[in-house]
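>>> Only the shape, not the letters, is given here:
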């Protein structure tokens, strides 16, 4: 009997993330009523269930953590300001990424680009898992610990394809967006001198690539994501991390994982299923994870409030744009207090405080307009332990909404509210009294992850949209800042014998440069046998200690973390 009736990556299946540490695989299959299960780690699995056999999506029916969150792309002379050429070209250091695998989870890669080939024309890419192609070979399909959707292409297959007049006839994976190719080139592209001087931060590293499949339509519908906006599922990212670990284990190489995606969903303390998966990698020798801080400052999508015995409630003003079809809004308590909410609509209709009931769901159809709001109270969200109020606005009336927040326990406290990523929602749907802090996107709030903000290396100013810390539980984030404004990198150019270049801006660019620096450090440490016990935490500490700091600023701070990336200084300070 097959594990799944059909391909679980298809739109016929819903995906649920479960923590199964207390059950063995057989018990989980029995409880789930299916064998279509992908075991991602020792703690987490993804259960695939046919959509026609489950009830409609709801936080009330399925726990918040079980429903995969949707992640978006973090947007996209720089190396010199980061001290990378001095380290890469230093004859004694030889910190160039050699012997290290740089794994990228993003939109794929143009594997035909000369920047990713050896001098003899063979590929530097060890493996590509394209989650969007269902026709290729996947030998591990019957092993529930390995991917059983999409197609995997190994280095031999890629090399054979590169010899053909049409490489894509045998290895059809492409990067139609260009985001993943740009990050790969910025992090690990070859050093070239023509048509001009260019190099990735770790030009001697090898590559392993995960091309994420687009989020399924049922999740886009549930989270009200606009059509055409790239969005990716949390469980696919988690599976991609496991895949990259398997590649590194097969080659017995150190691994740097670069995540160029992020989300504003969640408690912003790194306690999502993806966050806990990344936390479990803490202390593993030869493994570092790098991501961007996000690009959310200036979009007015975060509100921070407080109530006390003297101020028994707070009204949060939310302006909804005209013709906004809908969005999800998350309220997270900061501490043990429980809260209730009520609404006053732009049309003048008032909904009094919704009673506090464990796990309740309230659907509010407004009488004076077409608005429909679904409110879920999660009194003790499993990951953070704090209260979550999940609000889903459908066809909301445009204008100023008032959301009245009241403490239910009487002693007051602080709370956060987050709207979705800026490209997941109408531009003019904003908080009227926003707070620019605590806007780091997940997984950038995970303590063990190296999180990079972005700055303009030409004038030493912070990128205007670079998300600000700290995490909601006070962890210092970002860890540091790296160049991320108008940075040059490759674009897909399958029909060109020479690389084509473009420029991009954003914290994913800064993360790519930082990931290359981490690969250079791992190369010196493990490949060079200078410190064969190096972990992601030690790499993170070395880069933080070597960061440049402006004497006019105090560190750490919410914008720059501990300073700006300087790889060479990380060596001279050893």
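Yep, that arrived. Quick caveat: nothing in here was measured; it's all calculated off a predicted structure.
>>> contacting residues around residue 283?
By CB atoms under 8 Å, 6 or more residues apart in numbering, the contact list for residue 283 reads 535, 537. To be clear about C-beta, it is placed using only N, CA and C from the backbone, and glycine gets the same treatment.
>>> er, residue 357 actually
residue 377.
>>> Please identify the helix or strand for it.
Using DSSP states H and E, residue 357 is not contained in any helix or strand.
>>> Check residue 543 too.
Assigned by DSSP H and E, residue 543 falls in helix 536-546.
>>> low-confidence ranges in the stretch 251-400 of the chain?
Within the stretch 251-400 of the chain, the segments meeting pLDDT under 70 span 358-359.
>>> Which stretches in it count as helices?
For the stretch 251-400 of the chain, the helices defined by DSSP state H, counting those that start in this stretch occupy 273-279.
>>> how about the strands of it, start to end?
For the stretch 251-400 of the chain, the strands defined by DSSP state E, counting those that start in this stretch occupy 255-259, 261-262, 287-292, 302-307, 314-320, 326-334, 339-344, 350-351, 361-365, 372-378, 388-394, 399-407.
>>> Mind giving me the packing neighbours of the helix holding residue 543?
strand 287-292, strand 450-456, helix 507-522, helix 567-572 (3 or more CB pairs under 8 Å, 6 or more residues apart in numbering; DSSP states H and E).
>>> Residues touching that helix, excluding its own?
Residues contacting helix 536-546 (CB under 8 Å, 6+ apart): 83, 281-284, 287-289, 448, 450, 479-480, 514, 517-518, 521-522, 525, 531, 561-563, 565-574.
>>> That helix: how far from the chain's middle?
Its chain's C-alpha centre and that of helix 536-546 lie 21 Å apart, by CA atoms, centre = their mean, to the nearest Å.
>>> between it and strand 255-259, how many degrees?
70 degrees (axes from the mean of the first three to the mean of the last three CA atoms, to 10 degrees).
>>> Now helix 536-546: buried residues?
Using 16 or more other CB atoms under 10 Å as the test for burial, helix 536-546 gives 536, 537, 538, 539, 540, 542, 543, 544, 546.
>>> returning to that earlier point: with residue 193 as the reference, name the closest of the strands of the stretch 251-400 of the chain.
strand 255-259 (25.6 Å; CB to CB).
>>> Pairing partners for the closest one, with directions?
When pairing is defined by DSSP bridges, strand 255-259 lines up against strand 101-106 (parallel), strand 287-292 (parallel).
>>> Please identify the most buried of those.
strand 287-292 (a mean of 30; mean count of other CB atoms under 10 Å).
>>> Could I have the buried ones of the contacts of helix 536-546 as ChimeraX selection syntax?
Here is the ChimeraX command that selects the buried residues among the contacts of helix 536-546 (16+ other CB under 10 Å):
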select :83,281,284,287,288,289,448,450,479,480,514,517,518,521,522,525,531,561,562,563,565,566,567,568,569,570,571
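>>> if I pick residue 103, what's in contact with it?
Per CB under 8 Å, 6+ apart, neighbours of residue 103: 207, 208, 209, 210, 244, 247, 248, 255, 256, 257, 258.
>>> Skip the chain neighbours and tell me the closest residue to it.
residue 244 (3.7 Å; CB to CB, 6 or more residues apart in numbering).
>>> Beta-bridge partners for residue 305, please?
residue 415.
>>> what does residue 39 give?
residue 45.
>>> wait, it sits on residue 32?
No - taking contacts as CB atoms under 8 Å, residue 39 lies outside contact range of residue 32: 11.9 Å.
>>> how many neighbours does residue 92 have?
For residue 92, the tally of surrounding residues (other CB atoms under 10 Å) stands at 8.
>>> how far away is it from residue 259?
Residue 92 is 32 Å from residue 259, where distance means CB to CB, to the nearest Å.
>>> Likewise for residue 106?
Distance of residue 106 to residue 259, computed by CB to CB: 8 Å.
>>> again, but for residue 74
9 Å.
>>> Same question for residue 402.
37 Å.
>>> Any idea how far stretch 258-275 is from the middle of the chain?
Relative to the centre of its chain, stretch 258-275 is centred 6 Å away, using CA atoms, centre = their mean.
>>> can you check stretch 331-338 too?
24 Å.
>>> Report the buried residues of it.
331, 332, 333, 334, 337, 338.
>>> That'll do, ta.
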